[in-house]
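K.L.:
sequence plus the predicted model coming up.
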Amino acid sequence: MKTTTIKCKSVIFDMDGVITHTMPDHYRAWKKVLADEDVHVNYLDIYTREGQRGLQSVKELFTKYKKPFSESHAKRLLTKKEVLFKKIVRARFIQGSRNFIKKLYRNRFHLGLVTGTSRHELEQILPVHIKKLFSVIITGNDVTHGKPHPEPYMKSLLKLNVQSHDAVVIENAPFGIESAKKAGIRCLALETSLPKSHLKAADITFSSIKEMEDLMEFQLVDG
């Protein structure tokens, strides 16, 4: 039974952990590459930084684990991480994500995708028949400042040609939620990667896409 109606023109999705079940693969790649540098990260080190630009993540993690940081070295590590990720990533999806995207598309919502993942990684992960449903795709290569900065979501609004109050973001990570809220957009969060305690800044949190569909009615605003 639908309990809440949310009116909007556009629904903007994060990718990893919202559409694709790829965060475990990102974690494995980061863990291996950083372990080679004697930086032994844990689950929260990576999952709470989802959406952040890779260079900033390396800088913060090297600082946390008291290792010397240089941007040139960090860039080499990022390249190693991306190569390893592309080798191990599997095309898996969050349950219900594809059908939900297709339903919104059929109902004439303007769809956006905002991810910290690089463009070439996205091309490998996201099938063409899903990718083509999005009017706008913003990747980590398309911004100067990654999440939690508002730039990624502000850029998506500009390209979608919608105002912040006419959009809704679906996220699964603290930095993504912060980015959306700083851009003035309502944000729904899914507990697909982290528990609700890490997602408190979202307007509403759901355990799954199914629960979100059961409890929310997305209503298109014309005009």
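P.N.:
Everything's here; your move.
K.L.:
mind checking how far the lowest-mean-pLDDT helix or strand in the chain is from the chain centre?
P.N.:
Lowest on mean pLDDT, DSSP states H and E among the helices and strands of the chain sits helix 119-125, with a mean of 91. What separates the centre of helix 119-125 from the centre of its chain is 14 Å, taken as C-alpha atoms, centre = their mean, to the nearest Å.
K.L.:
likewise stretch 50-66?
P.N.:
With C-alpha atoms, centre = their mean, you get 17 Å for stretch 50-66.
K.L.:
and for it, what are the contacting residues?
P.N.:
For stretch 50-66, contacts defined as C-beta atoms under 8 Å, 6 or more residues apart in numbering pick out 14, 16-17, 23, 26, 30, 34, 37, 39-41, 45-46, 49, 68-69, 71, 74-75, 77-78, 81, 115-116, 140, 143, 145-148, 152, 172-173, 175-176, 179, 193. C-beta coordinates here come from the backbone N, C-alpha and C atoms, glycine included.
K.L.:
go on, stretch 118-131?
P.N.:
Residues outside stretch 118-131 that contact it (C-beta under 8 Å, 6+ apart) are 15, 19-20, 22, 82, 85-86, 89, 91, 98, 101, 113, 115, 117, 137, 139-142.
K.L.:
let's see 7 Å
P.N.:
For stretch 118-131, contacts defined as C-beta atoms under 7 Å, 6 or more residues apart in numbering pick out 15, 20, 22, 82, 85-86, 89, 91, 98, 101, 115, 139-141.
K.L.:
which one of those sits closest to Ile185?
P.N.:
Proximity of the contacts of stretch 118-131 to Ile185 (C-beta to C-beta) peaks at Thr115, which lies at 15.5 Å.
K.L.:
what distance do you get for that closest one to Ala74?
P.N.:
20 Å (C-beta to C-beta, to the nearest Å).
K.L.:
go on, Gln219?
P.N.:
Taking C-beta to C-beta, one finds Gln219 at 45 Å from Ala74.
K.L.:
neighbour count for those two, which is higher?
P.N.:
The neighbour comparison of Gln219 against Ala74 (other C-beta atoms under 10 Å) goes to Ala74, with 18 against 12.
K.L.:
I'd say Ala201 and Lys182 touch.
P.N.:
No: counting by C-beta atoms under 7 Å, Lys182 is not a contact partner of Ala201; they are 10.0 Å apart.
K.L.:
of the contacts of stretch 50-66, buried ones?
P.N.:
Burial by neighbour count, 16 or more other C-beta atoms under 10 Å: within the contacts of stretch 50-66 this picks out 14, 16-17, 23, 26, 30, 34, 39, 41, 45-46, 49, 74, 77-78, 81, 115-116, 140, 143, 146-148, 152, 172-173, 175-176, 179, 193.
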